[in-house]
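Chemist: Make a model of this:
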Amino acid sequence: MAVMISINPPYSTMIMSGHKWLEFRNKIIKTIQGYPDGTSVYIYETKNKKGCGQIIGEATIFNIYQLGYGKHDDTTERVIERFSAIKQLYLDWCTKCNVKPNMNEGWFKSKRFTAYKNEIGWGGNYALHLDNIIKYETPKTLSDFVNARGEMLQRPPQNMFNCELNAVMKEGLQHGI
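Modeler: Down below sits the predicted model:
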């Protein structure tokens, strides 16, 4: 089973271009909590801000960082995980921007990195690290997908839910249609 998430433009555009590889959520569904490495994610671009209201691509969850912002039970483990997520984002950003990491300055003092974090909308209780991002040449419609009960989708997710391509779409993809 895969997951579909709703993302507003311009964040959906940033993900499809590879500029943004973390998607932030305050809540995630139980099926991807824990260690969801390899879970497929379908990206529904909302109609907000002139979005298309269709599924524009897919990705794979590489990792989920539990950031726990705003939690009263901010444990040492959660702080370390948040620290690790920011450090990994900084190192990935340095690689993608061809910038030599400066661990003395790091992500705490770098004005360029802080500007990038603000641009991609850093924040939330969870950060989904997306990999293998594929932008569809032709966006797919909700009717191309079924929910966990096998029923054709009628509405997009408010946040995220389990789904998969319907059998007709799977068959067409296997035959190159």
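Chemist: what's the neighbour count on residue 63?
Modeler: A total of 16 residues lie near residue 63 under the criterion other Cβ atoms under 10 Å. Backbone N, C-alpha and C define where each C-beta goes, glycine included.
Chemist: Could you measure from it over to residue 55?
Modeler: Going from residue 63 to residue 55 by Cβ to Cβ, to the nearest Å gives 23 Å.
Chemist: same thing with residue 23?
Modeler: 15 Å.
Chemist: Settle it for me: which of these two has more neighbours?
Modeler: Per other Cβ under 10 Å, whichever of residue 23 and residue 55 has more neighbours is residue 23, with 25 against 22.
Chemist: In this structure that one contacts residue 128, no?
Modeler: Yes: in this structure, residue 23 is within contact of residue 128 by Cβ atoms under 8 Å, at 4.6 Å.
Chemist: which residues do those two both contact?
Modeler: In terms of Cβ atoms under 8 Å, 6 or more residues apart in numbering, residue 23 and residue 128 are both contacted by the residues residue 5.
Chemist: low-confidence ranges in the protein?
Modeler: 34-37, 69-74, 106, 167-177 (pLDDT under 70).
Chemist: how about the helices in it?
Modeler: 11-17, 76-96, 106-109, 111-119, 167-174 (DSSP state H).
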